[in-house]
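**Q** Take a look and give me a structure for this.
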Amino acid sequence: MATNKLTMQDVLKRFYPVYLKAHDVNAVQAKTVYHIINCKTGAFGANISHCEACGYKIYHNNSCGDRSCPMCQALSNEIWVDAQNEYVLDIDYYHVVMTCPSELYPLIYSNQKEMYGLFFHAAAETIMELSEGPSYIGATPGFISILHTWGSDLSYHPHLHLLSTCGGLDTDRQWRQSKDGFFLPGKVMARLFKGKFMAGVKKLHDEGKLEYHGQAEKFRNYYTYKELLDICYNKDWVTDIRESFAGAKTVMHYLGRYTHRIAISNSRILRMDEKTVTIRVKDYKNGGVWKELTLDSIEFVRRFLMHIPPKRFVRIRHYGLLSNRNKNSKISICRNLIGCRKFLSRFNRSDKPSIIKKLYVKDVTICPCCGEVMNFYVERKVRYAVT
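**A** Got it, this is the predicted structure:
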């Protein structure tokens, strides 16, 4: 197949039935694959544009809308990022990445909802506790946390990306910020995050809320579980303060890159044959250069399924000044104190045809044949579905 036309849909149509013969999948994984395989095929109905003047019709097969589908993220990402414009301050922001030791991966994968939630909770407490302390900023910042579970080669690598303001409001509602490009000490942050995360693991274990499947089965044994705790406590955890972003435009570009990203995009799938799939991966150990990686087809499907999040799990969360209860009131206070303007939404709750016109300079409401306005209606009947 041509490289530039190969999609995740093509790969799953070909290899997912083979994968099912030897492996079980959960309900969420099965539903996601069903969505991707049937995306834009007519299985979910179609939008029909009809010109009453000349009779011209255009059929647009509906997309599946699944958050793990590579074909359904572009417009959603643009709309979400645009909505964040109203809450962005024209100041420096810091990009922080929080990880945990690989020894915990089996336990995390076996308890995704609980452990992913713990990731968010421990990271948020760490940032808030250090930021509000008098030794550092002494104020409450605003930050967004985004969960990713993959490495470039689709391996399982759960970690959090955080984007935080360089300052915040103190208890007297005065603006305070870090000085000389300094945010928070990385080693102190890593130790505090480790303590909070491991305390959460022990609490979940003691309350009987953890399950042990697959590679985590061994942790049913009390001594193996205790050995895991000792290994994790003795390791130096990595918390990486990668870079700072100066100004609102840079921040919005960052959000567009990270927020709605999924495990693999169609553009990274290069080739497939009867038994393998070849993808592009970034070699971080060699300066981040791109190279090709060929995986067995069943292994490729297995790796992709690992990164489908639990049902209704929220992968993007807001804290501090950017939390839902604070952002409408406190962001305005921050703007007044630091003297920056408000960035307005380009779309401002526009309908999708208007958004498409602004993004792609294409007016889908105008008939390409006669130039008259077209009418829209939706055909919801399921025509066919590939299972």
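**Q** residues contacting F15?
**A** Residues in contact with F15 (Cβ atoms under 8 Å, 6 or more residues apart in numbering) are M272, V277, S297, I298, F300, V301. To be clear about C-beta, it is placed using only N, CA and C from the backbone, and glycine gets the same treatment.
**Q** Please enumerate the helices of the protein.
**A** Per DSSP state H, the chain carries helices over the ranges 8-22, 27-38, 74-84, 105-110, 112-132, 186-206, 222-234, 248-258, 297-306, 327-338, 352-360.
**Q** Just send those helices back as a markdown table, with distance to R173 and mean pLDDT too.
**A** Converted to a markdown table, those look like this (distance: least, Cβ to Cβ, whole Å; pLDDT from 0 to 100):
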| stretch | distance to R173 | mean pLDDT |
| --- | --- | --- |
| helix 8-22 | 48 | 96 |
| helix 27-38 | 43 | 97 |
| helix 74-84 | 23 | 79 |
| helix 105-110 | 39 | 98 |
| helix 112-132 | 14 | 97 |
| helix 186-206 | 26 | 96 |
| helix 222-234 | 39 | 97 |
| helix 248-258 | 22 | 72 |
| helix 297-306 | 45 | 97 |
| helix 327-338 | 6 | 91 |
| helix 352-360 | 36 | 79 |
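**Q** Tabulate those helices (JSON lines), appending distance to N62.
**A** Converted to JSON lines, these look like this (distance: least, Cβ to Cβ, whole Å):
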{"stretch": "helix 8-22", "distance to N62": "14"}
{"stretch": "helix 27-38", "distance to N62": "10"}
{"stretch": "helix 74-84", "distance to N62": "13"}
{"stretch": "helix 105-110", "distance to N62": "32"}
{"stretch": "helix 112-132", "distance to N62": "29"}
{"stretch": "helix 186-206", "distance to N62": "40"}
{"stretch": "helix 222-234", "distance to N62": "46"}
{"stretch": "helix 248-258", "distance to N62": "24"}
{"stretch": "helix 297-306", "distance to N62": "23"}
{"stretch": "helix 327-338", "distance to N62": "33"}
{"stretch": "helix 352-360", "distance to N62": "12"}
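**Q** Can you check which of these gets nearest to N266?
**A** helix 8-22 (6.0 Å; Cβ to Cβ).
**Q** how many degrees apart are that closest one and helix 297-306 in direction?
**A** Counting by axes from the mean of the first three to the mean of the last three Cα atoms, to 10 degrees, helix 8-22 lies at 100 degrees to helix 297-306.
**Q** Give me the buried positions along helix 8-22.
**A** The neighbour-count check on helix 8-22 (16 or more other Cβ atoms under 10 Å) flags M8, Q9, D10, V11, L12, K13, F15, Y16, Y19 as buried.
**Q** How far off centre is that helix?
**A** 24 Å (Cα atoms, centre = their mean, to the nearest Å).
**Q** From K209, how far out is K113?
**A** Taking Cβ to Cβ, to the nearest Å as the measure, K113 falls 10 Å from K209.
**Q** Between the two, which contacts overlap?
**A** Counting by Cβ under 8 Å, 6+ apart, nothing touches both K113 and K209.
**Q** Let me know the closest of the buried residues of helix 8-22 to K282.
**A** Nearest to K282 among the buried residues of helix 8-22, with distances taken as Cβ to Cβ, is M8, at 18.3 Å.
**Q** Not counting its neighbours along the chain, what's nearest the closest one?
**A** Computed as Cβ to Cβ, 6 or more residues apart in numbering, the closest residue to M8 that is not its neighbour in sequence is P70, at 4.9 Å.
**Q** Share the number of residues neighbouring that neighbour, please.
**A** 20 (other Cβ atoms under 10 Å).
**Q** isn't it right next to I262, touching?
**A** Yes. With contacts counted by Cβ atoms under 8 Å, P70 reaches I262, the gap being 6.3 Å.
**Q** Can you get me the start-to-end distance on stretch 203-212?
**A** Taking Cα to Cα, to the nearest Å, the first and last residues of stretch 203-212 lie 15 Å apart.
**Q** Could I get the buried residue list for that stretch?
**A** Buried, per 16+ other Cβ under 10 Å, within stretch 203-212: L204, H205, L210, Y212.
**Q** any chance of those residues in TSV, with distance to Y34 too?
**A** Listed next are those as TSV, based on distance: Cβ to Cβ, whole Å:
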residue	distance to Y34
L204	32
H205	35
L210	30
Y212	29
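**Q** Contacts only, for the residue lying closest to L104 once chain neighbours are set aside.
**A** Spatial nearest neighbour of L104, chain neighbours left out: C232 (6.2 Å); criterion: Cβ to Cβ, 6+ apart. Residues near C232 by Cβ under 8 Å, 6+ apart: C100, P101, E103, L104, K194, M198.
**Q** So which of these wins on neighbours?
**A** C100 leads those on contacts (other Cβ under 10 Å) with 27 neighbours.
**Q** Tell me who's in contact with it.
**A** Contacts of C100 by Cβ under 8 Å, 6+ apart are I108, F119, P158, H159, F197, C232, W237.
**Q** Show me which of these is closest to I316.
**A** F119 (12.9 Å).
**Q** Please report how far the closest one lies from H159.
**A** 8 Å.
**Q** what touches both of the two?
**A** Joint contacts of F119 and H159 (Cβ under 8 Å, 6+ apart) are M98, C100, L147.
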